[in-house]
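Chemist: Quick one: sequence plus predicted model below, questions after.
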Amino acid sequence: MFSKLCQVMIMMSAVMAIASPVGATQGVSPNGLLQRYAKPLAQAQQQVPKLNQLLIFVSVSMPTASLKQLDQQAKKIGGLLVMRGLVNHSLKDTAALLSQKGISAVIDPRLFAMYDVTAVPTFVINPTDEHPCFNQACTLTPRHDKIAGDVTLGYALEQFVSLGVHANQVAQDYLLALRRAP
């Protein structure tokens, strides 16, 4: 919460500095300033990319049953399947194969590099939803917990809860959602 408040204050300062000539805010109340810059601030906040806190790195080479199970569970709790690249370097082939397998995933090789994912499935959980990738570059790897291996999502989340260093509470929330999901 404090982090979000700081972001809002920083963005508001930036918007005010850009939009206002020096001295233009004299005699204006803070509420007046907030009303004046509410729309530019909302637009600036919408442009800050967000990252799913639960990422499941997969490949179409995995067994279809495993992919489907991970996809269904991720959808129920707000996780995201991530693939490194395209099948046969073709978006059309990739879409057809994902459709045939009945799964959906995003393709982002930057995330594979950022989290040093070398095997699939790999489960990554982040304590925040801040996205470090801007303008095609991933500058920092956020704090995260990671487990690789052919395990269920439930098992991975249990391990994050009991052994995780950075995202225990986030993992607990996802695990509770998974247990409640129909």
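Modeler: On my side now, so go ahead.

Chemist: Report the contact partners of the closest residue to K75 other than its chain neighbours.
Modeler: Excluding its sequence neighbours, the residue lying closest to K75 (Cβ to Cβ, 6 or more residues apart in numbering) is S104, at 7.8 Å. (C-beta placed from N, C-alpha, C; glycine too.) Shown in contact with S104 (Cβ atoms under 8 Å, 6 or more residues apart in numbering): 71, 75, 81, 98.

Chemist: if I've got this straight, S104 is in a strand?
Modeler: No. Using DSSP: H, G, I helix; E, B strand; the rest coil, the secondary structure at S104 is coil, not a strand.

Chemist: Out of the contacts of S104, which sit inside helices?
Modeler: Cross-referencing the contacts of S104 against helices under DSSP state H gives 71, 75, 98.

Chemist: Out of these, which end up buried?
Modeler: Taking 16 or more other Cβ atoms under 10 Å as the criterion, what is buried in those is 71, 98.

Chemist: How many residues are close by G85?
Modeler: 12 (other Cβ atoms under 10 Å).

Chemist: dump the residue contacts of the closest residue to L81 other than its chain neighbours.
Modeler: Sequence neighbours aside, A105 is the residue nearest to L81 in space, at 3.8 Å (criterion: Cβ to Cβ, 6+ apart). If you count contacts by Cβ under 8 Å, 6+ apart, A105 has them with 58, 71, 80-83, 98.

Chemist: how close does A105 sit to D150?
Modeler: Plainly put, A105 is 17 Å away from D150 if you go by Cβ to Cβ, to the nearest Å.

Chemist: ok, A74 touching Q53?
Modeler: No. In this structure A74 lies outside contact range of Q53 using Cβ atoms under 8 Å: 11.6 Å.

Chemist: what is the mean pLDDT for stretch 116-128?
Modeler: Mean pLDDT, stretch 116-128: 94.
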